[in-house]
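> My questions concern the predicted model and sequence given below.
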2 protein chains.
Amino acid sequence: MALPTLLPESGFRRLRIELTYDGTVYAGWAKQPDQPSLQETIEDAIAKLAHSRLATIVGGRTDAGVHATQQFLHVDIPEKFPFEGKDWEIPNWTYRLNRILPDDIRIISVDYAPDYFHARFSALERHYTYKIADGLMTVPPLSRFDIAPWYRHLDENIMNEVSAGLLGEHDFAAFCKFREGSTTIRNLTKFHWYRMENGYLAADVVADAFCYSMVRNLVGAAVCVGEGKFPKEWMAELLANRERVTDSYVFPGRGLTLTKIVYPVDSELQSRAELTIARRELMD
Amino acid sequence: MALPTLLPESGFRRLRIELTYDGTVYAGWAKQPDQPSLQETIEDAIAKLAHSRLATIVGGRTDAGVHATQQFLHVDIPEKFPFEGKDWEIPNWTYRLNRILPDDIRIISVDYAPDYFHARFSALERHYTYKIADGLMTVPPLSRFDIAPWYRHLDENIMNEVSAGLLGEHDFAAFCKFREGSTTIRNLTKFHWYRMENGYLAADVVADAFCYSMVRNLVGAAVCVGEGKFPKEWMAELLANRERVTDSYVFPGRGLTLTKIVYPVDSELQSRAELTIARRELMD
């Protein structure tokens, strides 16, 4: 198996792009046949400036309906501008991409990436927040796109108790969709529930990385305990059994927002990326 | 001219309904031919529960695209339930109306109004907030429906200085669309600009009542001074001249939100409503 390339191919230079989006109308980050995706919308916009189709790599591959208040991607562009014009003036790309993109996607910054910056493999942590309006609480219309409604009242103290039991490095197979050749071992460093000032329930969830639908499965399992469907012990048993849960809830993408991706200082970008690749054993 | 009725007709009882909405897709509160309006959408929903068409009166007649985090209306329903069933169980109307309404409109509460409660005439104050992302600031995608973008940077200190000069009871003809038989005298009690924690500029605007597009005209005039298009004196001259401004900006509805309507204690609802009616001289 070929190792993923950490550096741009010869003749190319890497851009680091920071962005934010409302994921409501997208079938997720990844390109999908016949469905709008964030990746395709953004690669279309980049192609207009670069005059060629360039592949992006993203830091957090968000699922359908999931939002991001901070997301990073990288894209390798030719070092030499292939024709006359001003399109290679990178400082203008933020403004110019925003002119092309729909207003549910906004570019925050575009710059040349430091050496060995890899949006996916260099990342140290992904931070997500999940918001729930429980107990038939009114979902305020202007905030309805990033809050999931839930009809039963939830006890955040019990949810915090069982969520804390999942912290640390574990095999999260019970909460992950199985993918051939991928590990489901992750290091969960935060899973904390709290009431927002307007009364909504929110969870901050942080790990080195997440597998597909993992956050929404963690949220659903905590809700099962928080509404009294299952006892507290159930959560620890789930984790220990490493069998995918079938009688839990999978919460919808709309309540989930990627809020931050943490990268190490520039001098540690290479070692971090190499470690990430080594730890996943086989790459998908 | 007949005086407006402050009390329900004989055989009817008044409901007070508190609600909130995202006004993005509506042509404003008031019914419009061939365009979606909040009034028609809500009266349609009420008609389904009441089994008859009933007219609503609203506290703040918001313009096209304007939102409300708090709005009040009243509607008079027959005292005697005209047929068998449970539809007259008012405590259930909040839940039942929300089941019928689209999720950009949410009912907060429905109850029997105190005597002489009139959603429009009993109100003491209307509170509005206008939000602007100035200086090409990125508008966060999830908040884009209630923030208006503006490309120049605005000086909120200068804007506060000139806005404070408008406080008090004045003829706001310069900021109002002329309507035959209506007064344009209003009592502006707050017009304050500040930076929100995310950097956006916001104005809180409070008056006993507003005429059509008045808040958006006030905002536009303050922006003219805040970006340096006109000197500070221009604002006071506008007010004094009482001629409708033609070279100012009218800001879009999307940035505007009705945040509160203040009513007096129950014992003063009648006197307040009578005063409102008397002061408008001729009613529209």
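Arrived safely. Numbers count the residues shown, from 1 in each chain, chains lettered A, B, ... in the order given.

> Quick check, central residue of chain A?
Nearest to the mean C-alpha position of chain A, by CA atoms, centre = their mean, lies A:Gly60 at 3.3 Å.

> Next one: it from A:Phe72, what distance?
From A:Gly60 over to A:Phe72 the distance is 8 Å, taken as CB to CB, to the nearest Å. Just so you know, the C-beta spots here come from the backbone N, C-alpha and C atoms, and that holds for glycine as well.

> re earlier: so the residue nearest to the centre of chain A sits against A:Leu73, correct?
No: A:Gly60 lies out of contact with A:Leu73 (CB atoms under 8 Å); the separation is 9.5 Å.

> Next to chain B, which bits of chain A? Give me the list.
Contact residues, chain A versus chain B (CB under 8 Å from any CB of the partner chain): A:20-22, A:67, A:69, A:95, A:98, A:103-108, A:136, A:138-142, A:144-146, A:257.

> Give me the subset of those that lies in strands.
The strands, defined by DSSP state E, take in A:Thr20, A:Tyr21, A:His67, A:Thr69, A:Ile105, A:Arg106, A:Ile107, A:Ile108, A:Thr257 from the residues of chain A next to chain B.

> Which residues does stretch A:221-228 contact?
The contact list for stretch A:221-228, computed with CB atoms under 8 Å, 6 or more residues apart in numbering or on different chains, reads A:132, A:150, A:152-156, A:158-159, A:162-163, A:175, A:191, A:193, A:203, A:230-232, A:234-235, A:238, A:245, A:248-249, A:251.

> Helices of the stretch 151-284 of chain A, start to end?
Ranges of helices within the stretch 151-284 of chain A are A:156-164, A:214-226, A:233-241, A:269-279, based on DSSP state H, counting those that start in this stretch.

> could you dump these to TSV with distance to A:Asp44 and mean neighbour count?
What follows is these, written out as TSV (distance: least, CB to CB, whole Å; neighbours: other CB atoms under 10 Å in any protein chain shown):
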stretch	distance to A:Asp44	mean neighbour count
helix A:156-164	39	18
helix A:214-226	28	25
helix A:233-241	41	15
helix A:269-279	28	16
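
> who's in contact with the residue in the stretch 151-284 of chain A positioned nearest to chain B?
Closest contact between the stretch 151-284 of chain A and chain B, by CB to the nearest CB, is at A:Thr257 (7.8 Å). The contact partners of A:Thr257, by CB under 8 Å, 6+ apart, come to A:Val66, A:His67, A:Ala68, A:Thr69, A:Tyr128, A:Thr129, A:Tyr130, A:Lys131, A:Asp146, B:Leu142.

> and the gap between the second one and B:Ser143?
With the distance defined as CB to CB, A:His67 ends up 11 Å from B:Ser143.

> which one of the two has more residues nearby?
Comparing A:His67 with B:Ser143 by other CB atoms under 10 Å in any protein chain shown, the one with more neighbours is A:His67, at 27 against 17.

> count of residues packed around A:Trp29?
26.

> Could I get the contacting residues of it?
A:Ser37, A:Leu38, A:Gln39, A:Val58, A:Gly60, A:Arg61, A:Thr62, A:Asp63.

> quick one, what contacts the nearest residue to A:Cys211 once chain neighbours are set aside?
Nearest residue to A:Cys211 in three dimensions, chain neighbours excluded: A:Cys176, at 3.9 Å (CB to CB, 6 or more residues apart in numbering or on different chains). A:Cys176 makes contacts with A:Thr184, A:Cys211, A:Tyr212, A:Ser213, A:Met214, A:Asn217, A:Arg244, as judged by CB under 8 Å, 6+ apart.

> Show me chain A divided up by domain.
Domain assignment for chain A by automatic domain parsing gives A:12-113, A:125-259.

> ok now the last one, how far from the chain's centre?
Put simply, domain A:125-259 sits 14 Å off its chain's centre (CA atoms, centre = their mean, to the nearest Å).

> Give me the mean pLDDT for it.
Per-region confidence: domain A:125-259 scores 92 on mean pLDDT.

> now do the same end-to-end measure for it.
One end of domain A:125-259 sits 11 Å from the other (CA to CA, to the nearest Å).

> which one is A:Arg126 nearest to, not counting chain neighbours?
A:Gly60 (5.2 Å).

> With A:Ala45 instead?
Closest residue in space to A:Ala45, ignoring its immediate chain neighbours: A:Ile100 at 4.3 Å, by CB to CB, 6+ apart.

> Can you report how many residues lie near A:Phe12?
For A:Phe12, using other CB under 10 Å, the count is 15.

> Now stretch A:109-119: buried residues?
By 16 or more other CB atoms under 10 Å in any protein chain shown, the buried positions in stretch A:109-119 come out as A:Val110, A:Ala113, A:Tyr116, A:Phe117, A:His118, A:Ala119.

> So for those residues, which is the shakiest by pLDDT?
Taken together, the buried residues of stretch A:109-119 show their lowest pLDDT at A:Tyr116, with 93.

> Quick one: residues contacting that one.
Shown in contact with A:Tyr116 (CB under 8 Å, 6+ apart): A:Leu6, A:Leu7, A:Ser122, A:Leu269, A:Gln270, A:Ala273.

> that older thread, among the contacts of A:Trp29, which one has the most neighbours?
A:Leu38 leads the contacts of A:Trp29 on contacts (other CB under 10 Å) with 27 neighbours.

> Isn't that residue up against A:Gly23?
Yes: judged on CB under 8 Å, A:Leu38 makes contact with A:Gly23 at a distance of 6.9 Å.

> element containing the closest residue in space to A:Ala273 that isn't next to it in sequence?
Sequence neighbours aside, A:Phe121 is the residue nearest to A:Ala273 in space, at 3.9 Å (criterion: CB to CB, 6+ apart). In the assignment (DSSP states H and E), A:Phe121 maps to no helix and no strand.

> burial measure for A:Phe121, as a count.
22.

> quick one on the thing from earlier: please indicate which of the residues of chain A next to chain B are buried?
Buried by 16+ other CB under 10 Å: A:20-22, A:67, A:69, A:98, A:104-108, A:138-142, A:144-146, A:257, out of those.

> so what's A:Asp266 up against?
A:Pro114, A:Asp115, A:Phe117.

> thinking the first one is in contact with A:Leu269, fair?
This means A:Pro114. Yes: contact criterion CB under 8 Å: A:Pro114 and A:Leu269 qualify, at 6.3 Å.

> before we move on, what SS does A:Arg14 have?
strand (DSSP: H, G, I helix; E, B strand; the rest coil).

> quick one: strands adjacent to the strand or helix carrying A:Val110?
Using DSSP H and E, A:Val110 maps to strand A:105-112. Its sheet considered, strand A:105-112 pairs with strand A:12-21 (antiparallel) by DSSP bridges.

> List the buried residues of the strand it pairs with.
Result for strand A:12-21 [16+ other CB under 10 Å]: buried residues A:Arg14, A:Leu15, A:Arg16, A:Ile17, A:Glu18, A:Leu19, A:Thr20, A:Tyr21.

> got the CA positions of that strand in CSV?
Extracted in CSV, the C-alpha atoms of strand A:12-21 (Å, rounded to 0.1, in the frame of the first residue of the first chain):
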residue,chain,number,x,y,z
PHE,A,12,3.0,22.5,-6.9
ARG,A,13,2.5,24.7,-3.8
ARG,A,14,0.1,24.0,-1.0
LEU,A,15,-2.6,26.5,0.1
ARG,A,16,-4.3,26.3,3.5
ILE,A,17,-7.9,27.5,3.5
GLU,A,18,-10.0,28.2,6.6
LEU,A,19,-13.7,28.2,6.1
THR,A,20,-17.2,28.1,7.7
TYR,A,21,-20.5,26.8,6.4
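
> now the angle between strand A:105-112 and the following helix or strand past it, please.
Where DSSP H and E defines the elements, the next helix or strand beyond strand A:12-21 is helix A:38-50. Put simply, helix A:38-50 runs at 50 degrees to strand A:105-112, going by axes from the mean of the first three to the mean of the last three CA atoms, to 10 degrees.

> wait, doesn't A:Ile108 sit right on A:Glu18?
Yes: between A:Ile108 and A:Glu18 there is a contact at 4.2 Å, judged by CB under 8 Å.

> list residues touching both of the two?
Counting by CB under 8 Å, 6+ apart, the common neighbours of A:Ile108 and A:Glu18 are A:Gln70.
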